[in-house]
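Participant: turn this into a model:
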Amino acid sequence: MSILELFRLDGKVAVVTGGGTGIGRGIALGLAEAGADVVVAGRRAAPVEAVRDEIRSRGRRSIAVPTDVTMESSLQSLADTAVREFGAVDIWVSNAGGLQGNPLASLKETEREHWDATTTLNFTAVWMAAKVAESVLPDGGVLINLSSIGGAAKGAPRNGVYSACKAAVDHLTRTLALEFAPRRIRVNAIAPGPVATDDYYRASGFTDAQFAKMAGKQPLGRLGEPEDFGAAAVYLASPASAWLTGQILAVSGMP
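Facilitator: So this is what the prediction gives:
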């Protein structure tokens with residue numbers, strides 16, 4: 001087998017949560033371009049249906065499944081639907097997440113409701129998804145979590161709750177890799193750096209000028225794009241990374 005063939009995902013079925021926009025959309029399209037059929041999940045029907053249609057236009061099979069990842073019953077329904085429609089799930093990407101409440105609040109300013117919403121979406125939901133994914137993944141399957149470079153920071157003033165969740169996701173990923181290893185299910189995570197997506201723009205309240213200034217300060221002179229994470233997901237989902245588990249892959253444009 002050639003090196004390039006190791007990156008192919010022909011005949012595989014992937015589930016991508018939060019797949020309707022931003023990084024999730026980039027991952028769903030990337031996996032499809034590598035040959036996978038893709039189940040696109042997300043809370044809002046319209047975005048996931050749009051990505052489904054994009055994937056179908058590229059010659060791959062795809063369905064859109066509205067899903068609330070904060071509810072284990074909804075995650076189980078997603079898994080059941082994927083298996084019913086495609087017969088199997090080989091790759092599960094837990095991408096859904098995001099900033100909740102006031103993303104620039106200090107920890108002492110954070111309201112309990114925003115703490116609970118952030119930790120539920122960005123940490124608890126990843127744990128629940130892993131349990132559901134393990135129940136449908138075959139021996140040798142792949143689980144990919146989405147973290148953040150903020151999880152490895154020494155501290156994150158005014159982004160403390162979200163970054164703490166991502167640090168927890170990093171540890172969860174390493175533990176799951178060990179627990180799932182007897183079945184050869186590989187578990188890794190992608191840790192994005194600053195990203196130029198619509199969701200991030202809306203959540204942070206930054207202007208285009210502020211993002212342009214931020215991009216200019218990056219070592220490679222730009223922010224991350226959805227395609228950057230699609231490429232990383234293809235690598236982690238494919239045989240090209242067959243001897244890689246429990247790793248946090250920083251896709252950040254910086255050392």
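Participant: could you tell me the end-to-end distance of stretch 113-128?
Facilitator: Stretch 113-128 has its terminal residues 20 Å apart, counting by Cα to Cα, to the nearest Å.
Participant: please identify the buried residues of stretch 149-159?
Facilitator: 149, 150, 151, 156, 159 (16 or more other Cβ atoms under 10 Å). Placement of C-beta: from N, CA and C, glycine included.
Participant: just the pLDDT for the second one.
Facilitator: Read that as residue 150. Residue 150 carries a pLDDT score of 93 in this model.
Participant: isn't it up against residue 160?
Facilitator: No: if you go by Cβ atoms under 8 Å, residue 150 and residue 160 don't touch, sitting 9.3 Å apart.
Participant: what about the helices in the stretch 101-250 of the chain?
Facilitator: Using DSSP state H, counting those that start in this stretch, the helices assigned to the stretch 101-250 of the chain run over residues 112-119, 125-136, 160-180, 198-204, 208-217, 226-237.
Participant: minimum distance to residue 8: which of the ones you listed has it?
Facilitator: Closest approach to residue 8 among the helices of the stretch 101-250 of the chain (Cβ to Cβ): helix 226-237, 9.0 Å.
Participant: for the closest one, packing partners?
Facilitator: Contacts defined by 3 or more Cβ pairs under 8 Å, 6 or more residues apart in numbering; DSSP states H and E place helix 226-237 against helix 22-33, strand 91-94, strand 142-146, strand 186-192, strand 248-251.
Participant: which secondary structure state does residue 65 sit in?
Facilitator: Three-state call for residue 65 (DSSP: H, G, I helix; E, B strand; the rest coil): strand.
Participant: re earlier: okay if I get the helices and strands packed on helix 226-237 as CSV plus distance to residue 230, mean pLDDT and mean neighbour count?
Facilitator: Below are the helices and strands packed on helix 226-237 laid out as CSV (distance: least, Cβ to Cβ, whole Å; pLDDT from 0 to 100; neighbours: other Cβ atoms under 10 Å):
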stretch, distance to residue 230, mean pLDDT, mean neighbour count
helix 22-33, 2, 97, 27
strand 91-94, 10, 99, 28
strand 142-146, 12, 99, 26
strand 186-192, 10, 98, 25
strand 248-251, 10, 98, 19
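Participant: a markdown table for these, including distance to residue 228?
Facilitator: Converted to a markdown table, the helices and strands packed on helix 226-237 look like this (distance: least, Cβ to Cβ, whole Å):
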| stretch | distance to residue 228 |
| --- | --- |
| helix 22-33 | 7 |
| strand 91-94 | 15 |
| strand 142-146 | 13 |
| strand 186-192 | 8 |
| strand 248-251 | 6 |
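Participant: what's the closest non-adjacent residue to residue 137?
Facilitator: Leaving out its chain neighbours, the residue that sits closest to residue 137 by Cβ to Cβ, 6 or more residues apart in numbering is residue 185, at 5.5 Å.
Participant: ok, the one you found touching residue 135?
Facilitator: No: using Cβ under 8 Å, residue 185 is not in contact with residue 135, being 11.1 Å away.
Participant: who's more crowded, these two?
Facilitator: Remark: of residue 185 and residue 135, residue 185 carries more neighbours, 22 against 12, as counted by other Cβ atoms under 10 Å.
Participant: so who does the more buried one touch?
Facilitator: Counting by Cβ atoms under 8 Å, 6 or more residues apart in numbering, residue 185 makes contact with 134, 137, 139, 140, 141, 142, 143.
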